[in-house]
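**Q** Model the structure of this input:
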Amino acid sequence: MNPRDLLQSGDERRKARDYQGALPYYARAVELAPANRRAHVSLADAYRGLGETAKVIEILERFLETSPADAEAHCRLADAHKKACHREPALDHYRRALALEPGNRYALMGLGDLHHRANDGAEALACWEPLLALNPAQPHLQTLVGNLHRKAQAFDRAAARYRLALAHDPGNASALFGLADSLRGLGRFEEARPLWEELLRRDPSQQVLTRAGDCYLRLGFLDRAQEMFERSLVTGFDKATLLGLAKVQRLGGQYDVAHQIYRQILERHPGDPRTLALQAETVAERTAAS
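**A** As a prediction, this is how the structure comes out:
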């Protein structure tokens, strides 16, 4: 069989997920045509299907020795190094791919993911935002970028990303939560309120209950806030929830109950600075009220 027929036979088996069966065809194609790019890449893909990452790396490194200007091969090699947790080689090959093709979306995605895993939000954004400029219809990526902006407290930018994610995927609960929380960060509690109510209908997790409770608290709906905080605590101890509940009690003049809550927090977190400060504020409030 000639290389073309070998590649076709290998492709048929690989498409059927018979990766082991595809290997001899691709390997023979590489032997007969050592400069054939597709033979090397297909052989690497078959090994990738088998989960043999070390072989993928070996094949692509050998290919790139003679074809160093192949951006796609650099991306595939970087992906393999990333899967093997080889951070530095992965970074290097993604960067080589981008040097050859500055807009290569696979390299931008992979490089951004490496930076994201390393908690380097600024570098991740530098990779992912150009991707979204080229194609905004990526709700998962829009949400990830929104999360990075929200973590950096750039709430306006975060909200814009979440809105774009929801425009393409209205059921995206992560984007809905991110948008509600960004509006909370901006102090736009009335605007955030229907979003929290939608999340409460969908998935009343402890985090959603606590953040919704905070929204109601800021809007002055103390009974509704207390309900959210108490429902949240059914699932277990949470300091933020207890602090919210203590605030409800303070606003209602129930200073003894607030102090009981502070003591409950300090049993778990002795010397917690925020709780001690709020405890002192509550003493001052009670003194002023009497």
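**Q** Which helix in the chain has the most residues?
**A** Identified as the longest helix of the chain according to DSSP state H is helix 273-289.
**Q** low pLDDT regions in the chain?
**A** Scanning the chain for pLDDT under 70 picks out no residues.
**Q** can you tell me which residues contact the residue located most distally from the centre of it?
**A** Here the chain reaches farthest from its C-alpha mean at Ser290, the gap being 49.6 Å by C-alpha atoms, centre = their mean. Not one residue lies near Ser290 by C-beta atoms under 8 Å, 6 or more residues apart in numbering. C-beta: built from backbone N, CA, C; applies to glycine.
**Q** how much space between it and Arg263?
**A** 21 Å (C-beta to C-beta, to the nearest Å).
**Q** Buried residues in stretch 132-143, which are they?
**A** 132, 138-139, 141-143 (16 or more other C-beta atoms under 10 Å).
**Q** My error: substitute stretch 108-121 in the last question.
**A** Neighbour-count burial for stretch 108-121, counted by 16+ other C-beta under 10 Å, picks out 108-116, 121.
**Q** For stretch 188-199, output the C-alpha coordinates as CSV.
**A** C-alpha atoms of stretch 188-199 as CSV (Å, rounded to 0.1, in the frame of the first residue of the first chain):
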residue,chain,number,x,y,z
ARG,A,188,-26.9,47.6,42.2
PHE,A,189,-28.9,45.4,44.5
GLU,A,190,-32.3,46.1,43.0
GLU,A,191,-31.1,45.1,39.5
ALA,A,192,-29.5,42.0,41.0
ARG,A,193,-32.6,40.9,42.9
PRO,A,194,-34.5,39.2,40.1
LEU,A,195,-31.3,37.3,39.1
TRP,A,196,-31.0,35.9,42.7
GLU,A,197,-34.6,35.0,42.7
GLU,A,198,-34.1,33.1,39.4
LEU,A,199,-31.1,31.3,40.9
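**Q** any idea how far that stretch is from the chain center?
**A** The chain centroid and the centroid of stretch 188-199 are separated by 22 Å under C-alpha atoms, centre = their mean, to the nearest Å.
**Q** buried sites along it?
**A** By neighbour count on 16+ other C-beta under 10 Å, the buried set for stretch 188-199 is 189, 192-193, 195-196, 199.
**Q** Same question for stretch 76-84.
**A** For stretch 76-84, by 16+ other C-beta under 10 Å, it's 76-82.
**Q** Would you agree Ala175 is in contact with Ala160?
**A** No: look at Ala175 against Ala160 with C-beta atoms under 8 Å: they stay out of range, at 11.4 Å.
**Q** between the two, who's got more neighbours?
**A** Per other C-beta atoms under 10 Å, whichever of Ala175 and Ala160 has more neighbours is Ala175, with 25 against 17.
**Q** Look up the closest residue to the more buried one, ignoring the ones flanking it.
**A** Nearest residue to Ala175 in three dimensions, chain neighbours excluded: Ala165, at 3.8 Å (C-beta to C-beta, 6 or more residues apart in numbering).
**Q** so how many other residues sit close to the one you found?
**A** Burial measure for Ala165: 28 neighbouring residues, criterion other C-beta under 10 Å.
**Q** wait, it sits on Asn172?
**A** Yes: here Ala165 lies in contact with Asn172, judged by C-beta under 8 Å, at a distance of 5.4 Å.
**Q** quick revisit: export the buried residues of stretch 132-143 as CSV, with columns for secondary structure and distance to Gln207.
**A** Formatted as CSV, the buried residues of stretch 132-143 follow (DSSP: H, G, I helix; E, B strand; the rest coil; distance: C-beta to C-beta, whole Å):
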residue, secondary structure, distance to Gln207
Leu132, helix, 26
Gln138, coil, 25
Pro139, helix, 21
Leu141, helix, 22
Gln142, helix, 21
Thr143, helix, 16
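**Q** Tabulate the residues you listed (a markdown table), appending distance to Arg231.
**A** Formatted as a markdown table, these follow (distance: C-beta to C-beta, whole Å):
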| residue | distance to Arg231 |
| --- | --- |
| Leu132 | 36 |
| Gln138 | 35 |
| Pro139 | 29 |
| Leu141 | 33 |
| Gln142 | 30 |
| Thr143 | 26 |
